[in-house]
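Enquirer: Predicted model, plus sequence, below.
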Amino acid sequence: MSIRQTSTFLLLFAGFLMTLDGLAQENNAVSRSGGARYDEPRFRMGLHLLPSVAWLDVRDAHTRPDGALVRFGFGFTADIMFADNYAIGTGINVFRNGGKLTSFERVTGHPVDEANDSLEFIVQRDRKLTHHWVELPVSFKFRTREVGHITYWGQFGLGLGLNLRATADDRVSYLYRGAEVAGVSSWIPEVEINPQDFSDFPVEDEVALLRASMIVGLGIEYNLSGKTALLLGATFNNGLFNVANNRNFSSSLEREHIEPASVDGILGGASPRGYNRKMVDNAILLSFGLLF
């Protein structure tokens, strides 16, 4: 994302918060004119850390999910009270999610011998995928009255995320090598090339620019002094749409992800069939922070 895009996003968000703040102050003034109804502030802000457990929900039939990842993030939160126990929750969350997955692919080029850059291989790719998002959440927040310095809350809403960066750590195992056997193009088992490791390389072209999510959360606020409270919570951030970007795939898909069932039949000379990857990314985000 360019600096201009980032600046535009932040300016729009700042204007959104100023509008909400004005509405909260207006409502607060009306409330005071008819008698004080609220003992607590109508607009609260805070900062929090967001450690998370993230995983990928694969929606195609040929990519295999292989587990979750632990990632970290941070955020700014704002609550606008509009009734005794109800608020609009918003803010900015900057967090990472992703997961582990395995797929089979058709690639061109010898990984060690650069002179053989036209050789074709069938490989198994074991990937740790990390998505970097900045998200604008908007949710309804339900709060209890303070009980022994503790206020309990729950929230439900939606989030809109913008892709900042996507990186991957790969282990590529070479399974088959393209060759001509008796003048016929075929595939033979690869026995010479060791697995190749690649760390923290960019894969932005493989991830969608925008992400929509459903947000469900529970937590507590522990009053420390006056308006200051300790915030503790857990939120399920559920992706709603496919975040795999297939724009960079070839029209025939022969050089992208291939069906693993095809690998067993490749020795007979069959051409591996490609497919579009489909997946959503999910995370459980833990919130640790302060409200002021």
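Expert: Structure's in. What do you need? Numbers count the residues shown, from 1 in each chain.
Enquirer: wait, doesn't residue 81 sit right on residue 87?
Expert: Yes - if you go by C-beta atoms under 8 Å, residue 81 and residue 87 touch, sitting 4.7 Å apart. Placement of C-beta: from N, CA and C, glycine included.
Enquirer: any low-confidence regions in the stretch 1-150 of the chain?
Expert: For the stretch 1-150 of the chain, the stretches with pLDDT under 70 are 1-41.
Enquirer: what about the helices in it?
Expert: Using DSSP state H, counting those that start in this stretch, the helices found in the stretch 1-150 of the chain span residues 3-33.
Enquirer: And stretch 198-207, how far out from the chain middle?
Expert: On the basis of C-alpha atoms, centre = their mean, to the nearest Å, stretch 198-207 sits 14 Å off its chain's mean C-alpha point.
Enquirer: Number the residues from 25 up from this point.
Expert: Right, with 25 as the first residue, what we last looked at is stretch 222-231.
Enquirer: Would you mind checking the average pLDDT for it?
Expert: Averaged across stretch 222-231, pLDDT comes to 91.
Enquirer: in that stretch, what's buried?
Expert: 227, 230, 231 (16 or more other C-beta atoms under 10 Å).
Enquirer: ok, now stretch 74-88?
Expert: For stretch 74-88, the neighbour count (16+ other C-beta under 10 Å) marks 74, 76, 78, 79, 80, 82, 86, 87 as buried.
Enquirer: Check the gap between the spatially closest residue to residue 95 that is not a sequence neighbour and residue 165 for me.
Expert: Leaving aside its chain neighbours, residue 95 sits nearest to residue 120 (4.0 Å; criterion: C-beta to C-beta, 6 or more residues apart in numbering). In this view, residue 120 and residue 165 are 24 Å apart by C-beta to C-beta, to the nearest Å.
Enquirer: Please apply the same query to residue 93.
Expert: 28 Å.
Enquirer: go on, residue 307?
Expert: 19 Å.
Enquirer: Hmm, residue 235 is touching residue 262, no?
Expert: No - proximity of residue 235 to residue 262 does not meet the contact threshold set by C-beta under 8 Å, at 10.9 Å.
Enquirer: neighbour count winner among those two?
Expert: Shown here are residue 235 and residue 262; by other C-beta atoms under 10 Å, residue 235 has more neighbours (23 against 17).
Enquirer: how close does the residue lying closest to residue 203 once chain neighbours are set aside get to residue 198?
Expert: Spatial nearest neighbour of residue 203, excluding adjacent residues (C-beta to C-beta, 6+ apart): residue 212 at 5.1 Å. Residue 212 is 12 Å from residue 198, where distance means C-beta to C-beta.
Enquirer: With neighbour numbers in mind, choose between these two.
Expert: Comparing residue 212 with residue 198 by neighbour count (other C-beta under 10 Å), the higher total belongs to residue 198, at 20 against 13.
Enquirer: Now do the strands in the stretch 25-174 of the chain.
Expert: Listed in chain order, the strands found in the stretch 25-174 of the chain under DSSP state E, counting those that start in this stretch are 67-73, 76-82, 88-91, 93-95, 98-107, 110-132, 144-167, 174-205.
Enquirer: any chance of those strands in CSV, plus distance to residue 266?
Expert: What follows is the strands of the stretch 25-174 of the chain, written out as CSV (distance: least, C-beta to C-beta, whole Å):
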stretch, distance to residue 266
strand 67-73, 29
strand 76-82, 10
strand 88-91, 14
strand 93-95, 19
strand 98-107, 25
strand 110-132, 14
strand 144-167, 13
strand 174-205, 13
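Enquirer: Of all those, which one comes closest to residue 303?
Expert: Comparing the strands of the stretch 25-174 of the chain by their distance to residue 303 (C-beta to C-beta), the top pick is strand 76-82, with 4.7 Å.
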